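J.: return atomic coordinates for the entry below.
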Amino acid sequence: MLAFLKTRRFWLESAIWIALLIAVYLFTQWRGSAADMSVPQQLPGLSVQRLRGGGVVELPVVPKKMELINFWAPDCPACLAETPALVQLQHWFGGRDFAIIGIAVNGSTPSAVRAWMRELGIN
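T.: Sure thing, here's the model as predicted:
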């Protein structure tokens, strides 16, 4: 009746299953090293050209308020799809303590950016 316990295949399969369970446990519990979590990462200082007026805006390393920086492009469908939600978020929470800053990238022309700003109601 317990003859299957004496076979090599049983013990090999058991060892493989135990190794897989241990690997899954370790993978799901791993959070990185403590050194990675102890050093906060900050955005370096950033200079961007303002669309209106053409001046340069300096974003500080440590902002005075919470800022959500969104990099987008007029030719990016996913970027254009998320923009109405970001506009609504800015409408709800924008003010003294929160701002959303949209930075157009990927060779965006000012005319294309202005057109999408009008189309999507970006403030």
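J.: which parts of the longest helix seen in the chain are buried?
T.: When the chain is parsed with DSSP state H, its longest helix is helix 8-29. Of the residues in helix 8-29, none count as buried by neighbour count, 16 or more other Cβ atoms under 10 Å. In this view, the C-beta of every residue, glycine as well, is placed from N, C-alpha and C.
J.: same deal with stretch 85-94?
T.: 86-87, 90.
J.: which of the residues you listed lies closest to residue 60?
T.: Using Cβ to Cβ, residue 90 comes nearest to residue 60 of these, at 19.5 Å.
J.: tell me the secondary structure for the residue lying closest to the closest one once chain neighbours are set aside?
T.: In space, and not counting its chain neighbours, residue 90 is closest to residue 100: 4.6 Å by Cβ to Cβ, 6 or more residues apart in numbering. The three-state assignment at residue 100 reads strand, by DSSP: H, G, I helix; E, B strand; the rest coil.
J.: isn't residue 100 up against residue 66?
T.: No: here residue 100 lies out of contact with residue 66, judged by Cβ atoms under 8 Å, at a distance of 9.8 Å.
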